[in-house]
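> got a predicted model here, sequence first, then my questions.
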Amino acid sequence: MKKLSVLLIVLLTAFSVKAQVNVLEIEATGGKTQINKNIYGQFAEHLGRCIYDGIWVGKDSPIPNVNGYRKDLLEALQALKVPVLRWPGGCFADTYHWRNGIGALNERPKIKNVFWGGTVEDNSFGTHEFLNLCELLGCDPYISANVGSGTVGEMVDWIEYMTSDDDVPMANLRKKNGRAKPWDVKFIGIGNESWGCGGDMTPEFYADLMRQYSNYAKMYGGDKFDRIGCGSNGSDFNWTKVLMEKGRNNMDGLSLHYYTIAGEGWNNKSAATGFGEDLYFSGLKKALFMDELVTKHSNIMDQYDKEKRVPLLVDEWGIWTDVEPGTIPGHLFQQNSMRDALIASSTLDILNKHCERVKMANIAQVVNVLQAMILTQGNKMVLTPTYHVFKMFTVHQDATFLPSNLICEKYELNNDQIPAISSSSSIDKNGKIHVTLSNLNPNKEIKLDVNLKGKGFSKVSSATVLTASAFNSCNTFDKPETVVPTSFKNFKKASDTKLEVTIPSKSVIVLELE
Ligand code: AHR
């Protein structure tokens with residue numbers, strides 16, 4: 001009897017492995033909601049070598065620059081179609097006094113960056129330099145105002161300085177400093193991480209303060225920009241509840257911060273390179289938690305705001321590892337691997353799926369900090385695997401999200417499992433359908449049937465893949481092209497509505513169907 005049941009289990013297991021069919025069914029005519037391009041947003045903080053060295057080298061630098069901005073970085077970011085850029089922090093924002101960063105460069109006072117390594121900065125990158133950068137990139141500025149150590153008066157003066165065209169002192173000061181027209185500032189953040197580095201506040205106290213700051217922000221800025229309330233630290237659902245209960249009518253968006261901590265936790269993180277499959281797996285699993293997190297926060301927001309007037313903005317996210325050996329710990333300079341590319345692709349798929357409530361996200365950070373798009377060293381620049389994912393995913397920006405149903409096998413390790421495939425789909429204004437697919441399993445390729453429902457396609461007009469020889473492969477200053485996108489060929493059009501795709505292990509694919 002025992003032998004028989006063992007045989008049965010073996011047969012059943014063998015059968016179920018064989019029977020696993022991976023199918024993605026896309027409602028090709030079922031799209032209702034636009035994927036806000038701002039989900040592909042970036043974040044630039046005065047932290048380590050993000051601003052100074054990464055973005056700004058100054059006009060007299062031997063590094064090729066355009067009015068002080070690194071030329072290579074400008075070109076790389078222009079190709080990325082950055083829709084929105086958040087600045088000046090982060091924790092730095094609640095220590096930043098904007099008046100120190102305007103006027104003649106040699107008269108600007110220095111500032112000690114108390115949060116990030118105690119580095120002394122010369123304030124040569126300030127309001128003009130940031131807002132002019134946004135104009136060069138064609139992106140919307142997202143300014144984080146200082147609530148932690150600033151005042152309402154300081155904030156409204158800044159708003160007037162940046163956005164007013166009236167004959168008022170702050171607008172006149174801006175004109176005196178060389179900028180006639182106001183800038184088009186689209187978002188003002190009312191503090192950053194006010195539950196932590198931004199003032200260590202309770203949600204009740206912050207909600208009241210947010211109402212006060214927001215009230216005056218609107219008085220001086222009208223409807224020119226959206227006011228973003230500081231949101232929760234990961235799973236602090238009570239923060240969201242209190243903010244929605246007390247402040248929903250005083251803000252035009254609520255943020256959320258969630259970092260994938262590599263390794264055991266904040267006090268015992270792991271390296272960005274050279275890690276094994278256990279850390280590859282746990283990194284991905286923690287990143288996929290974004291789905292549950294956004295679902296739960298959205299459910300709370302739905303209770304107070306059924307019409308979804310107040311969007312959720314995930315304005316800091318990404319993987320946080322140990323810093324590179326030999327670098328200043330407070331500067332958060334980390335490498336970026338194929339694993340991190342998959343963290344980016346699966347997170348972007350999740351955010352696309354939540355596009356009804358999520359209208360912006362800002363990966364941390366754009367250059368030389370945390371899960372960066374770009375790394376620099378002197379005059380050298382490297383585009384990271386994460387950069388390539390963001391570039392591949394630009395096709396989803398402002399396209400209409402297409403609902404889909406994915407049945408797929410699991411990727412298992414050490415008695416734990418995650419779905420082996422991540423995907424999202426959209427249709428653009430020209431009727432082209434884009435499907436992003438990631439195979440999270442580093443050990444095997446996966447065959448997937450992609451079925452369109454409601455309409456067919458005549459061809460695959462483009463197909464690109466990002467993969468690497470190892471899940472921890474990186475682009476380095478010596479070998480900058482180890483992980484780069486290439487043309488993808490491993491698919492077959494089986495009918496007018498069906499595509500058979502073989503997704504390589506640990507890879508990200510974007511397909512265009514028309
Ligand atoms: O992105 C680095 C830091 O992470 C930011 O300054 C802060 O907001 C968060 O804790």
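Thanks, I have the structure now.

> ok, now which ones touch the residue of the chain at minimum distance from the ligand?
Residue of the chain nearest the ligand, by Cβ to the nearest ligand atom: Gly90 (2.8 Å). Backbone N, C-alpha and C define where each C-beta goes, glycine included. With contact set as Cβ atoms under 8 Å, 6 or more residues apart in numbering, Gly90 has these partners: 43, 45-47, 115, 144, 192, 316, 364.

> now do 6 Å
Contacts here follow Cβ atoms under 6 Å, 6 or more residues apart in numbering; on that basis Gly90 touches Glu45.

> phi, psi of it?
phi 70, psi 170 (degrees, to the nearest 10).

> find the residue at the geometric middle of this structure.
Nearest to the mean C-alpha position of the chain, by Cα atoms, centre = their mean, lies Ile363 at 2.6 Å.

> mind checking how far that one is from Cys50?
Using Cβ to Cβ, to the nearest Å, Ile363 is found at 13 Å from Cys50.

> do Ser214 as well
Using Cβ to Cβ, Ser214 is found at 28 Å from Cys50.

> isn't Gln377 right next to Thr476, touching?
No - if you go by Cβ atoms under 6 Å, Gln377 and Thr476 don't touch, sitting 9.6 Å apart.

> now stretch 496-514: mean pLDDT?
When pLDDT is averaged over stretch 496-514, the result is 98.

> quick check: end-to-end length of that stretch?
Distance between the two ends of stretch 496-514: 11 Å, counting by Cα to Cα, to the nearest Å.

> if you count neighbours, what's buried in it?
497, 499, 501, 503-513 (16 or more other Cβ atoms under 10 Å).

> mind putting these in JSON lines, distance to the ligand included?
Below are those laid out as JSON lines (distance: Cβ to the nearest ligand atom, whole Å):
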{"residue": "Thr497", "distance to the ligand": "44"}
{"residue": "Leu499", "distance to the ligand": "39"}
{"residue": "Val501", "distance to the ligand": "36"}
{"residue": "Ile503", "distance to the ligand": "32"}
{"residue": "Pro504", "distance to the ligand": "32"}
{"residue": "Ser505", "distance to the ligand": "31"}
{"residue": "Lys506", "distance to the ligand": "26"}
{"residue": "Ser507", "distance to the ligand": "28"}
{"residue": "Val508", "distance to the ligand": "24"}
{"residue": "Ile509", "distance to the ligand": "29"}
{"residue": "Val510", "distance to the ligand": "27"}
{"residue": "Leu511", "distance to the ligand": "33"}
{"residue": "Glu512", "distance to the ligand": "33"}
{"residue": "Leu513", "distance to the ligand": "37"}
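
> which among the residues you listed gets closest to Ser124?
Set against Ser124, the nearest of those by Cβ to Cβ is Val508 (37.7 Å).

> name all residues that make contact with the residue lying closest to Met201 once chain neighbours are set aside.
Leaving aside its sequence neighbours, Met201 sits nearest to Ser194 (Cβ to Cβ, 6 or more residues apart in numbering; 4.8 Å). Ser194 makes contact with 201, 206, 230, according to Cβ under 6 Å, 6+ apart.

> can you tell me which of those residues are in strands?
Among the contacts of Ser194, DSSP state E puts Cys230 in strands.

> now list the buried members of the contacts of Ser194.
Using 16+ other Cβ under 10 Å, the buried members of the contacts of Ser194 are 201, 206, 230.

> can I get these in JSON lines with distance to Asp165 and pLDDT?
Below are the buried ones among the contacts of Ser194 laid out as JSON lines (distance: Cβ to Cβ, whole Å; pLDDT from 0 to 100):
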{"residue": "Met201", "distance to Asp165": "35", "pLDDT": "98"}
{"residue": "Tyr206", "distance to Asp165": "32", "pLDDT": "98"}
{"residue": "Cys230", "distance to Asp165": "29", "pLDDT": "98"}
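
> could you dump those into TSV with distance to Lys353 added?
Shown next, in TSV, are these (distance: Cβ to Cβ, whole Å):
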residue	distance to Lys353
Met201	32
Tyr206	29
Cys230	25
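
> start to end distance for stretch 316-331?
With Cα to Cα as the measure, stretch 316-331 spans 17 Å from end to end.

> what pLDDT, on average, does it get?
97.

> give the contact list for Ile446.
So Ile446 contacts 22, 420, 439, 503 (Cβ under 6 Å, 6+ apart).

> how near is Pro109 to Trp56?
Pro109 is 17 Å from Trp56, by Cβ to Cβ.

> let me redo that: His434
For His434, the distance to Trp56 equals 34 Å [Cβ to Cβ].

> which non-adjacent residue is nearest His257?
Glu316 (4.3 Å).

> list phi and psi for the one you found.
Torsion angles at Glu316 (phi, psi; degrees, to the nearest 10) stand at phi -150, psi 130.

> what's the burial count for the nearest residue to Gly117 once chain neighbours are set aside?
If the residues on either side of it in the chain are set aside, Gly117 comes closest to Gly330, at 3.0 Å by Cβ to Cβ, 6+ apart. Neighbour count for Gly330, taken as other Cβ atoms under 10 Å: 15.

> Gly330 against Val114, yeah?
No - using Cβ under 6 Å, Gly330 makes no contact with Val114, being 10.0 Å away.

> and the helix ranked longest in the chain, what does it pack onto?
Assignment by DSSP state H gives helix 277-304 as the longest helix of the chain. Here helix 277-304 touches helix 237-247, strand 253-261, helix 338-353, going by 3 or more Cβ pairs under 6 Å, 6 or more residues apart in numbering; DSSP states H and E.

> so which residues on the stretch 351-500 of the chain come close to the ligand?
For the stretch 351-500 of the chain, the contact set with the ligand under Cβ under 6 Å from any ligand atom comprises 364-365, 370.

> and with 5 Å instead?
The stretch 351-500 of the chain has residues Ala364 near the ligand, with proximity defined as Cβ under 5 Å from any ligand atom.

> residue ranges for the strands of the stretch 351-500 of the chain, please.
358-364, 374-377, 380-383, 400-402, 404-407, 410-413, 416-419, 421-427, 433-439, 446-453, 460-466, 486-487, 491-493, 498-503 (DSSP state E, counting those that start in this stretch).

> ok, the stretch 1-150 of the chain next?
So, for the stretch 1-150 of the chain - with DSSP E, counting those that start in this stretch - the strands run 23-27, 41-43, 65-66, 69-70, 84-87, 111-112, 120-121, 140-145.

> Pro403 contacts Gly30, correct?
Yes - the criterion here is Cβ under 6 Å, and Pro403 meets it with Gly30 at 5.1 Å.

> distance of the nearest residue to Gly456 once chain neighbours are set aside relative to Ile407?
With sequence-adjacent residues excluded and distances taken as Cβ to Cβ, 6+ apart, Gly456 is closest to Asp496, at 3.5 Å. Relative to Ile407, Asp496 is positioned 21 Å away (Cβ to Cβ).

> same question, Met251
39 Å.

> those two: which is more packed in?
Met251 (26 against 14).
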